[in-house]
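Student: Provided below are the primary sequence and the corresponding predicted coordinates.
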Amino acid sequence: MRIQVTVPSMLQHATGGPRHVWVEADTLPGLIEAVQKQFPLLTPLVWDEQMLLRKHIMIFLNDQSLAWVPADQTALKEGDQLNIVQAVSGG
């Protein structure tokens, strides 16, 4: 099924321009893999060399942080959304 993925404006260059893109997947691991494959420029900005989420990035499935969603084979349903959020800091 088609899942909407939203990236922050600071990373939209890695999707070719749009902030909202659609990715085909049926499970959460499949969605992450599809995002990485479909948008290879996004991958090093969101995940490190070990494919772990970078510490300044958060990902939400709908309104729930992936830190609290069981990653292995979580099934997706129509209307689910994945949101990639980049923390901004400074002083």
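Tutor: Everything's here; your move.
Student: alpha carbons only for contacts and neighbour counts from here, please
Tutor: Will do.
Student: ok, Leu28 to Met10 distance?
Tutor: Leu28 is 24 Å from Met10, where distance means CA to CA, to the nearest Å.
Student: ah, wrong one, I meant Gln4
Tutor: Taking CA to CA, one finds Gln4 at 18 Å from Met10.
Student: So for the two, which residue has more residues nearby?
Tutor: Ranked by neighbour count (other CA atoms under 10 Å), Gln4 and Met10 place Gln4 first, with 17 against 11.
Student: Verify the assumption that the more buried one is located in a strand.
Tutor: Yes: per DSSP: H, G, I helix; E, B strand; the rest coil, Gln4 lies within a strand segment.
Student: Report the contact partners of the nearest residue to it once chain neighbours are set aside.
Tutor: Leaving aside its sequence neighbours, Gln4 sits nearest to Trp22 (CA to CA, 6 or more residues apart in numbering; 4.6 Å). Neighbouring residues of Trp22 by CA atoms under 8 Å, 6 or more residues apart in numbering: Arg2, Ile3, Gln4, Val5.
Student: bridging residues for the third one?
Tutor: Right, Gln4. Here Gln4 sits in beta bridges with Trp22, Gln81, as judged by DSSP bridges.
Student: Val88 - how many residues pack around it?
Tutor: Around Val88 there are 8 other residues, counting by other CA under 10 Å.
Student: and it, which of the three is it?
Tutor: Under three-state DSSP, Val88 comes out as coil.
Student: Thought Leu45 was touching Gly15, still the case?
Tutor: Small correction: residue 15 is Thr, not Gly. No: Thr15 is beyond contact range of Leu45, at 11.5 Å (criterion: CA atoms under 8 Å).
Student: More neighbours: the two, which one.
Tutor: A direct count of neighbours by other CA under 10 Å for Thr15 and Leu45 places Thr15 higher, at 18 against 15.
Student: In this structure Pro8 contacts Val88, no?
Tutor: No: here Pro8 lies out of contact with Val88, judged by CA under 8 Å, at a distance of 10.7 Å.
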